[in-house]
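Enquirer: Fold the following for me, if possible:
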Amino acid sequence: MPLNIPNLLTWLRILLIPVFAAVFYLPATWLQPQWVNLTATLIFAVAAVTDWLDGYLARVLKQTTAFGAFLDPVADKLMVAAALIILVKFDRVPALIALVIVGREITISALREWMAGIGQGKSVAVSFIGKLKTTAQMVAILLLLYHDPVFQVIDTHVWGTWLIYIAAILTLWSMVYYLKQAAPQVLEEK
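Expert: Coordinates of the predicted model:
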């Protein structure tokens, strides 16, 4: 396993997951609810920034590795799944929406792994719709984690809920797109 800055940032993202989750389970006397929300939101935001930063640095520093290419999406999916599980537990996201998003991530990850195994990984490379889905999903999760009004006028719960539904629609749309891209190879394997 090559230890370079991008891979270390990915490992940091993975290590932040239990810290992120633990914030919600601290004794009530340690942090008031709004501080729990803010702390969790900041941890998730740091993780989201390291996701962008590790990819950027890997390209700029020419430190891309097969291990990093494998670990980076795993870290992303773990962080999103952890956030969605917590948001479901605290009634901020419907379980069905979380299942759609997590189920799609598992399905497409498996598809990409299989396609890479048969030498066709580029045919299911990240698309614009996938990037749009990720952006909507990350912003929605940040808003739903924060959960408190911003400046007493922006209802983060309402905006986050709308965005998570949009993210779920984009999730299904991108899954159909990737499955269509892979269909010729899947049909050949019969």
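
Enquirer: Now do the contacts for the residue nearest the centre of the chain.
Expert: Nearest to the geometric centre of the chain sits V80, at 3.8 Å (C-alpha atoms, centre = their mean). Contact analysis of V80 by C-beta atoms under 8 Å, 6 or more residues apart in numbering lists 101-102, 105, 137, 141. For glycine as for every other residue, the C-beta is placed from the backbone atoms N, C-alpha and C.

Enquirer: again, only using 7 Å
Expert: 105, 137, 141 (C-beta atoms under 7 Å, 6 or more residues apart in numbering).

Enquirer: now it: how far from L87?
Expert: Using C-beta to C-beta, to the nearest Å, V80 is found at 10 Å from L87.

Enquirer: Scan the chain for its longest helix.
Expert: For the chain, the helix with the greatest residue count under DSSP state H is helix 156-188.

Enquirer: That one: which residues count as buried?
Expert: 156, 160-161, 163-168, 170-171, 174-175, 177-178, 181-182, 185 (16 or more other C-beta atoms under 10 Å).

Enquirer: Repeat that for stretch 82-102.
Expert: 82-84, 86-88, 92-93, 97-98, 100-102.

Enquirer: any weak-confidence spans in the protein?
Expert: Scanning the chain for pLDDT under 70 picks out the ranges 1-2, 120-126, 186, 189-190.
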